[in-house]
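*Asks:* I would like to see how this sequence folds:
(one chain, ligands or ions: 2)
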Amino acid sequence: MPDKAVDDAMESAVGAHFSGLRLEALRLPAPSGPSSPSSSTSAGAAAALANGLAHAHADVASPSSLRQPFVIGVSGGTASGKTTVCDMIIQQLHDHRVVLVNQDSFYRGLTAEESARAQDYNFDHPDAFDTEQLLECMGQLKRALPVNVPIYDFKNHRRCSERFRKVNASDVIILEGILVFHDQRVRNLMDMKIFVDTDADIRLARRIRRDTVERGRDVSSVLDQYGRFVKPAFDDFVLPSKKYADVIIPRGGDNHVAIDLIVQHIRTKLGMHDLCKVFRNVFVVQSTFQVKLIIFID
Ligand SMILES: Nc1ncnc2c1ncn2[C@@H]1O[C@H](COP(=O)(O)OP(=O)(O)O)[C@@H](O)[C@H]1O
Ligand SMILES: O=c1ccn([C@@H]2O[C@H](COP(=O)(O)O)[C@@H](O)[C@H]2O)c(=O)[nH]1
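*Replies:* Ligands and ions are numbered 1, 2, ... in the order given. Take a look at the predicted model:
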């Protein structure tokens, strides 16, 4: 079948995860040899395409947007399993450079006065974060520059003033946090948005355990904070931002099928990105019937 011949040639030329090509200014060499089929046939076009790709220069001339890292936003309520899901994605993408940025790192940190009344502070309101600084850091990473991300101390509600975590530029940047979909400027940085959807009772149970074991709280203070701030802010800010998600993962890290699908999608996107790095004047677009026609008549 002619279409299959084209598909086979494309697959063998560019490897798995091929999704579609738009050829601009890539001159396909004329088929050579007496038995070469005419380039007006699909098989001829397929052979010419494979040949052309194989001989294309191995330098980078792709649009700058395709050379930027792939940014994934992961949101969801407190203790929904955001970090767990991110860790699983990172583990499965082991052959790519992936970095994790936590919105928690950009908590403003309390003044001495606020610290004295920390139980009255709303850590779940968007104003608790330094979003300008988060945007600056993400901007640097998108430009492939390393950044020093602050380290936040949950026990004392302040930043470690002298210590930072160095984050290097990578193929994939995952930005995780309860309110990463709240600000449109932050959302606009993302190529893919994931919302981790876990029942409130499970989240509360996990939060009690985590905050008493790891964050120096007692059960009574966790319950008090949950009722006064965490739940109202979830209803006012976190849940309304769920509508921006491309993918919603019920049950968080327990949902292996969803995580496998997400990892597969990221791999496909990274495959296109790598293709543009290798072949000059090749632009990856969504695969459509028309794209194949462009190849036939070139
Ligand atoms: N699927 C799960 N089953 C059991 N415990 C989990 C699961 N996912 C997360 N946890 C636990 O719940 C707590 C919060 O998970 P985490 O991934 O840090 O959530 P988030 O980043 O959304 O706050 C952690 O102590 C973690 O070990
Ligand atoms: O000093 C602080 C800073 C934050 N919190 C709580 O943390 C969660 C967000 O972190 P998750 O890992 O997503 O749960 C937020 O609900 C704040 O209430 C805090 O208690 N103290």
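
*Asks:* Now do the same contact list for E136.
*Replies:* Neighbouring residues of E136 by CB atoms under 8 Å, 6 or more residues apart in numbering: there are none. Every residue, glycine included, has its C-beta placed from N, CA and C.

*Asks:* Report the buried residues of the helix or strand it falls within.
*Replies:* Counting by DSSP states H and E, the element that carries E136 is helix 131-142. Going by neighbour count (16 or more other CB atoms under 10 Å), the buried part of helix 131-142 is 131, 134-135, 137-138, 141.

*Asks:* List the buried residues in the strand of greatest length in the chain.
*Replies:* Longest strand in the chain by number of residues, with DSSP state E as the criterion: strand 158-167. Across strand 158-167, burial judged by 16+ other CB under 10 Å covers 158-159, 167.

*Asks:* closest to ligand 1 among those?
*Replies:* V167 (17.6 Å; CB to the nearest ligand atom).

*Asks:* The closest one touches L145, doesn't it?
*Replies:* No: between V167 and L145 there is no contact under CB atoms under 8 Å: 10.1 Å.

*Asks:* The helix or strand that contains Q91: what's the following helix or strand?
*Replies:* Q91 belongs to helix 82-92 when assigned by DSSP H and E. Downstream of helix 82-92, the first helix or strand assigned by DSSP H and E is strand 98-102.

*Asks:* Just the C-alphas of that next one, formatted as CSV.
*Replies:* The C-alpha trace of strand 98-102 is given here as CSV (Å, rounded to 0.1, in the frame of the first residue of the first chain):
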residue,chain,number,x,y,z
VAL,A,98,14.4,16.0,34.1
VAL,A,99,14.4,18.5,36.9
LEU,A,100,11.7,19.2,39.5
VAL,A,101,10.9,22.7,40.8
ASN,A,102,8.6,22.9,43.8
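
*Asks:* That strand near ligand 1 anywhere?
*Replies:* No: Strand 98-102 stays clear of ligand 1 (CB under 6 Å from any ligand atom), getting no nearer than 8.2 Å.

*Asks:* List of residues touching the next helix or strand after that strand?
*Replies:* Next along the chain after strand 98-102, taking DSSP H and E as the criterion, comes helix 112-116. Applying CB under 8 Å, 6+ apart, the external contacts of helix 112-116 come out as 121, 156-158.

*Asks:* And those, which is closest to ligand 2?
*Replies:* Checking these against ligand 2 by CB to the nearest ligand atom gives H157 as the nearest, at 3.8 Å.
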